[in-house]
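In: Turn this into a structure:
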Amino acid sequence: MRLEDHAIAPYIRNSDYAIRQPFMLGERNLLDYILFYVQEGQFEIQINGQLHALKEGDLCLLQPGDVHTIKGITNTINPYVHLDFFYNPLRESSFITLPGQVDMTSYASFMQPRLHDFEAIRIPFKLEKDHAYMRDLLFKMIECWQLQTLLGIMEANRLAHEFLTALFKQYMKPQPGSLSRQPFLNWILSYFAFHISEPINVSDMARRACLSPSRFTVLFKQQFAMTPYQYLLKLRIEHAQELLKEGLSLQKTSEFCGFTDVHHFSKTFKSATGINPGQYKKNPNCLS
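Out: Coordinates of the predicted model:
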């Protein structure tokens with residue numbers, strides 16, 4: 001599976017500080033994720049047949065599909081968060097599984113994707129990297145979620161998103177494919193829109209993309225099938241058509257679309273559309 005194919009939208013189902021005397025939580029399967037921190041005491045958690053001994057300060061992540069038991073060896077305090085990381089339209093109907101619920105086949109529609117099922121990421125049960133930062137995020141999540149206000153829940157889910165981002169930064173494998181994306185593609189269209197009434201030249205755009213003008217032009221043409229100048233001219237003519245439909249004068253339209261004067265605007269508009277802008281203003285449907 002690819003991470004890019006799943007919408008990340010954290011949703012906290014429950015969070016609290018569990019304060020317990022020695023206990024045993026029977027075998028169950030998970031539909032969602034658990035962030036599990038040992039604030040005091042000792043635990044034994046068995047996951048899919050593997051036993052993990054936990055002590056104070058351990059921060060752990062249990063994933064959907066983890067069949068597990070939890071045993072509190074001593075008196076314990078453990079802050080925890082049950083949550084979805086990925087969007088599911090049925091998430092409000094999903095639930096925290098109980099001891100004895102192991103075969104969750106009939107609830108497959110609620111099951112979150114497992115992070116371990118994605119090729120790009122491998123996350124251990126015990127989270128060792130950037131431990132203090134992750135722990136503090138967990139505490140803040142619980143604090144905000146327990147307010148049970150709209151803003152509190154929104155902030156808690158935002159913090160969960162921050163937590164997941166930190167996980168990805170720490171445990172995601174390098175993605176060389178993403179490095180091949182051209183550096184200007186994320187901003188060039190908004191740059192054109194923002195500066196459409198101003199002089200724009202290829203050198204300025206290439207400088208911002210950290211490319212030579214010739215290289216910039218080649219890459220731009222590969223992406224948009226036309227040169228930067230041709231693309232900008234196309235946007236300016238389209239914008240001019242919208243302004244003329246709204247009744248703006250040729251002078252104002254020329255200024256707002258970045259032409260040097262009305263004569264230049266009229267000549268360029270006719271070359272692009274086949275009619276002059278005055279005719280188009282009178283009858284915009286003539287190009288339909």
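
In: Would you mind listing where the stretch 101-250 of the chain has pLDDT under the threshold?
Out: 175-186 (pLDDT under 70).

In: And the helices in it?
Out: Using DSSP state H, counting those that start in this stretch, the helices of the stretch 101-250 of the chain run over 131-145, 150-171, 188-194, 202-208, 213-224, 228-245, 250-256.

In: who wins for proximity to Tyr107 among the ones you listed?
Out: helix 150-171 (22.0 Å; Cβ to Cβ). No exception for glycine: its C-beta is placed from N, CA and C like everyone else's.

In: before we move on, back to that, including mean neighbour count and distance to Val262, could the helices of the stretch 101-250 of the chain go into CSV?
Out: Formatted as CSV, those follow (neighbours: other Cβ atoms under 10 Å; distance: least, Cβ to Cβ, whole Å):
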stretch, mean neighbour count, distance to Val262
helix 131-145, 18, 58
helix 150-171, 16, 51
helix 188-194, 14, 22
helix 202-208, 16, 25
helix 213-224, 15, 29
helix 228-245, 18, 11
helix 250-256, 18, 5
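
In: Please report how far Ser266 lies from Phe125.
Out: 70 Å (Cβ to Cβ, to the nearest Å).

In: One more: Asn276?
Out: 71 Å.

In: How about Leu150?
Out: Distance, Leu150 to Phe125, using Cβ to Cβ: 34 Å.

In: Next, the contact list for Thr105, please.
Out: Under the criterion of Cβ atoms under 8 Å, 6 or more residues apart in numbering, Thr105 has no neighbours.

In: With Gly57 instead?
Out: Contacts of Gly57 by Cβ under 8 Å, 6+ apart are Val38, His131.

In: Tyr17 in helix, strand or coil?
Out: strand (DSSP: H, G, I helix; E, B strand; the rest coil).

In: cool, and the one 10 residues further on?
Out: Under three-state DSSP, Glu27 falls in the strand class.

In: What is the neighbour count of it?
Out: When neighbours are defined as other Cβ atoms under 10 Å, Glu27 has 13 of them.

In: Also Asp261?
Out: Asp261, neighbours per other Cβ under 10 Å, totals 11.

In: Quick check: it vs Ser254, distance?
Out: To Ser254, Asp261 is 7 Å away according to Cβ to Cβ.

In: Check Asn29 too.
Out: 68 Å.

In: His82 now?
Out: Counting by Cβ to Cβ, the gap from His82 to Ser254 is 61 Å.

In: likewise Asn283?
Out: 19 Å.

In: and what of Gln230?
Out: 19 Å.

In: Can I get stretch 259-276 as CSV, trimmed to CA atoms?
Out: In CSV, the C-alpha atoms belonging to stretch 259-276 read as follows (Å, rounded to 0.1, in the frame of the first residue of the first chain):
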residue,chain,number,x,y,z
PHE,A,259,-0.3,44.8,-21.0
THR,A,260,1.8,47.9,-21.7
ASP,A,261,-1.0,49.8,-23.3
VAL,A,262,-4.4,49.4,-24.9
HIS,A,263,-3.0,49.1,-28.4
HIS,A,264,-0.8,46.2,-27.4
PHE,A,265,-3.7,44.6,-25.5
SER,A,266,-6.1,44.9,-28.5
LYS,A,267,-3.5,43.5,-30.9
THR,A,268,-2.6,40.6,-28.6
PHE,A,269,-6.3,39.8,-27.8
LYS,A,270,-7.3,39.7,-31.5
SER,A,271,-4.3,37.5,-32.3
ALA,A,272,-5.3,35.1,-29.6
THR,A,273,-9.1,35.1,-30.1
GLY,A,274,-9.7,36.3,-33.7
ILE,A,275,-11.7,39.3,-32.7
ASN,A,276,-10.8,42.6,-31.0
